[in-house]
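In: Dropping a prediction and its sequence here:
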Number of protein chains: 2
Amino acid sequence: MARTSKREQLIQAALELFSKNGFHAVGVDTISEKACVTKRTLYHHFKSKEELILAALRYYDERFRNDFMRAVEGKTENPVDRLLAVFDVVEEWFDDEFTGCLFVGAMGEYPDEDSPIRRVCQESKALNQAYIKSLAEKAELADAGRLAEQIVLLIEGAITMAQVNKSSLSALQAKKAAEILIKSSGTLVRQ
Amino acid sequence: MARTSKREQLIQAALELFSKNGFHAVGVDTISEKACVTKRTLYHHFKSKEELILAALRYYDERFRNDFMRAVEGKTENPVDRLLAVFDVVEEWFDDEFTGCLFVGAMGEYPDEDSPIRRVCQESKALNQAYIKSLAEKAELADAGRLAEQIVLLIEGAITMAQVNKSSLSALQAKKAAEILIKSSGTLVRQ
DNA sequence: TAAAAATTACACAGATTAGTATACTTGGCG
DNA sequence: CGCCAAGTATACTAATCTGTGTAATTTTTA
């Protein structure tokens, strides 16, 4: 447990700093200092800054999606309502020291076609979309795949606009749009 | 004309490099070299790297929105169709060496609440939204403001997903969603 | 308890960063 | 012609960056 402690301190410190300031803007000295750990220890756990970034993104991805799903499923049992509850959870996310999507930021700073960082971000987005799709399928809505893709567009758009306007209103607007799309899609079986 | 030439060379070089690599990742030496200009000349025209970034963003913003509006209005005369043609223009943008939204990238790298860079990005997004709103109003659709905001969400979402998946398909999916929203909004007068 | 691993402290290398100093050259304009 | 601004060339500062070398020290584990 103590073995992973320093490593986790580093990842958490890195996540906070990267989220607030971006990746290039934060140096390894700053990270190790914030983690109350020597730079040498940082390089003991991660062979480079990029490795630390990758570990931090993977850590965040896993935890975030887990929390997200848990929150959605805590809102309601009804499958269709869950699809809409997604936007309530997004809104809560925006209201809680929101600094934009870490993955979008990472892709912007490491745009190289085959950068491992890009790959992690792509995988995260793909898993998010798969989750939305699974919700749409459980709701037994027509054309669940298409609907899920459109809902993802609304979510991602809301993320960008929340960052631009420093406001969570975009989540509500996105939810209203999603309601229309869902109604238009039509319920095959609803009880 | 020769007076503005070097300055424009610098802005264009900066735009290309920033778009492709991000802001922190590109140094002033690289920019001046690409612009075939001395670093001293760069600092003759811009008092700092941040000033150059601001000038580049403003230049790009103006030209981009101009081109965008021109492209939309060249597609069709019908107001409702123009609202949808927006997505066709977006798709063409994605197909043309798309590297993500420069403003979203800038805000990610300069997240400071009151950074001038942030302000320029906010203003750009606000003007874009105003344009969409004006299209919705000319289409005489019910609740044009709300509809415009939702369409903007779809556009911004498509931008993010086009960057993630390196594909322009998101534009088409967004267009389909917009069609539904527009139909749901209902035409008050349509001819 | 004794070996092994993790961590510290600290200095340092080498590259790169933004920005400046200085002296020189060029080109246009009155 | 003569001035003045724009640009060049080059070297420089001072800070910062990622990453390493080394030796001492603590912690874990066997």
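Out: Cool, the structure landed. Remember, it's a predicted structure, so these values are computed and weren't measured experimentally.

In: right, is stretch A:56-75 up against chain B?
Out: No: contact between stretch A:56-75 and chain B is absent, the nearest approach being 13.5 Å (criterion: C-beta under 8 Å from any C-beta of the partner chain). Just so you know, the C-beta spots here come from the backbone N, C-alpha and C atoms, and that holds for glycine as well.

In: Quick one: residues in contact with whichever helix or strand A:Ser184 is part of.
Out: In the assignment (DSSP states H and E), A:Ser184 maps to helix A:169-185. Around helix A:169-185, the neighbours that count as contacts under C-beta atoms under 8 Å, 6 or more residues apart in numbering or on different chains are A:80, A:83-84, A:87-88, A:90-91, A:94, A:139, A:141-143, A:147, A:150-151, A:154-155, A:157-159, A:161-162, B:146, B:149-150, B:153-154, B:177, B:180-181, B:183-184.

In: same thing but 7 Å
Out: Contact partners of helix A:169-185, identified using C-beta atoms under 7 Å, 6 or more residues apart in numbering or on different chains, comprise A:80, A:83-84, A:87, A:90-91, A:94, A:141-143, A:147, A:150-151, A:154-155, A:157-158, A:161-162, B:149-150, B:153, B:177, B:180-181, B:184.

In: Which of the residues in that helix are classified as buried?
Out: A:170-178, A:180-182, A:184-185 (16 or more other C-beta atoms under 10 Å in any protein chain shown).

In: Near DNA strand C, list only the ones from these.
Out: Subset of the buried residues of helix A:169-185 in contact with DNA strand C: empty, counting by C-beta under 7 Å from any atom of the strand.

In: Show me which residues of chain A sit near DNA strand C.
Out: A:2-3, A:5-7, A:36-41, A:44-45.

In: could those residues be laid out in a markdown table, adding pLDDT and secondary structure?
Out: Below are the residues of chain A next to DNA strand C laid out as a markdown table (pLDDT from 0 to 100; DSSP: H, G, I helix; E, B strand; the rest coil):
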| residue | pLDDT | secondary structure |
| --- | --- | --- |
| A:Ala2 | 47 | helix |
| A:Arg3 | 47 | helix |
| A:Ser5 | 91 | helix |
| A:Lys6 | 95 | helix |
| A:Arg7 | 97 | helix |
| A:Cys36 | 97 | coil |
| A:Val37 | 97 | coil |
| A:Thr38 | 97 | coil |
| A:Lys39 | 98 | helix |
| A:Arg40 | 98 | helix |
| A:Thr41 | 98 | helix |
| A:His44 | 97 | helix |
| A:His45 | 97 | helix |
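
In: Of those, keep whichever come out buried.
Out: A:6-7, A:37, A:41, A:45.

In: ok, the closest residue to DNA strand D within chain A - how many residues close by?
Out: Using C-beta to the nearest atom of the strand, A:Gly27 is the residue of chain A that sits closest to DNA strand D, at 2.8 Å. The tally of other residues near A:Gly27 (other C-beta atoms under 10 Å in any protein chain shown) stands at 12.

In: State the pLDDT value of it.
Out: What the model reports as pLDDT for A:Gly27 is 98.

In: Quick check: residues of chain A near DNA strand D?
Out: Proximity of chain A to DNA strand D is confined to A:2-3, A:26-30, A:39-40, A:43, A:47-50 under the rule C-beta under 7 Å from any atom of the strand.

In: Quick check: mean pLDDT of the one helix or strand A:Leu153 maps to?
Out: Here A:Leu153 sits within helix A:144-165, counting by DSSP H and E. Across helix A:144-165, pLDDT averages out at 98.

In: Counting neighbours, show which residues of that helix come out buried.
Out: A:144, A:146-164.

In: low-scoring stretches of chain A, by residue?
Out: Applying pLDDT under 70 to chain A picks out residues A:1-4, A:187-191.

In: Contacts only, for the nearest residue to A:Glu137 once chain neighbours are set aside.
Out: Closest residue in space to A:Glu137, ignoring its immediate chain neighbours: A:Ala144 at 4.5 Å, by C-beta to C-beta, 6 or more residues apart in numbering or on different chains. A:Ala144 sits next to A:133, A:136-137 when contact means C-beta under 7 Å, 6+ apart.
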